[in-house]
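Undergrad: coordinates for the following, if possible.
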Amino acid sequence: MRAIDAVGAVLLGAIFVAALGCAALAAETASGPISELQARLVRLGYDPGPIDGVISVKTERALLAYKHAAGRPLVAGLDANPIVTAQQALQRLGFLAARPDGELGPQTRDAIIRFQVENHLPIDPRVSDRLLAALEQLAQPPGAAGANPPSAASAPPPAAPEATGREPLPPDVTPPPIR
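TA: Below you'll find the model as predicted:
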């Protein structure tokens, strides 16, 4: 009987250590404007899903619920929408031709994928803290000294875009499903 208790104690200890490791990993990876936004929604009583720095469907629903209840948008920096921020950077880099509208539609997702492929980043067509950090690192304001024109602008024009204004994705790219 004591051997079983000892084994149980060891297993519980291992589970506890694993849980602490997972919490530490989540804390390390969830830092940025979107994860701050998600944490703020939790503090206000809304469920944005996991605090992972990714605008998921659940995060969008929590934001809409807050906006409906409060009558005003809740944004990470109080004056910035992460989707608009990503769209503006993608536009400056030549990946998005559409006007920033704050909606994560097909053109924005395609632009995110093209940006990730060109910069050898993992493909995830959602706006996330990781995407915003990569865009911030590469996007330079117009007229910045030493600004390099985006390679997307110097490439030959893509095949005829669809009627929706979307451009084709790079060859051999199969985006993951939207969650």
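Undergrad: CA only for contacts and neighbour counts going forward, please
TA: Fine.
Undergrad: any low-confidence regions in the chain?
TA: Residue ranges of the chain with pLDDT under 70: 1-30, 73-80, 139-168, 174-179.
Undergrad: which stretches of it form helices?
TA: For the chain, the helices defined by DSSP state H cover 2-29, 33-43, 57-70, 82-92, 106-118, 129-138, 151-154.
Undergrad: and the angle from the fifth one to helix 82-92?
TA: Angle between the axes of helix 106-118 and helix 82-92 is 60 degrees (criterion: axes from the mean of the first three to the mean of the last three C-alpha atoms, to 10 degrees).
Undergrad: got the angle for helix 106-118 vs helix 129-138?
TA: 70 degrees.
Undergrad: next, the buried residues of helix 106-118.
TA: Of all the residues in helix 106-118, those buried under the rule 16 or more other C-alpha atoms under 10 Å are Q107, T108, R109, D110, A111, I112, I113, R114, F115, Q116.
Undergrad: quick one: list the elements packing against it.
TA: Under the contact criterion of 3 or more C-alpha pairs under 8 Å, 6 or more residues apart in numbering; DSSP states H and E, helix 106-118 touches helix 82-92.
Undergrad: what helices and strands are in contact with the helix it packs on?
TA: Packing partners of helix 82-92 (3+ C-alpha pairs under 8 Å, 6+ apart): helix 106-118, helix 129-138.
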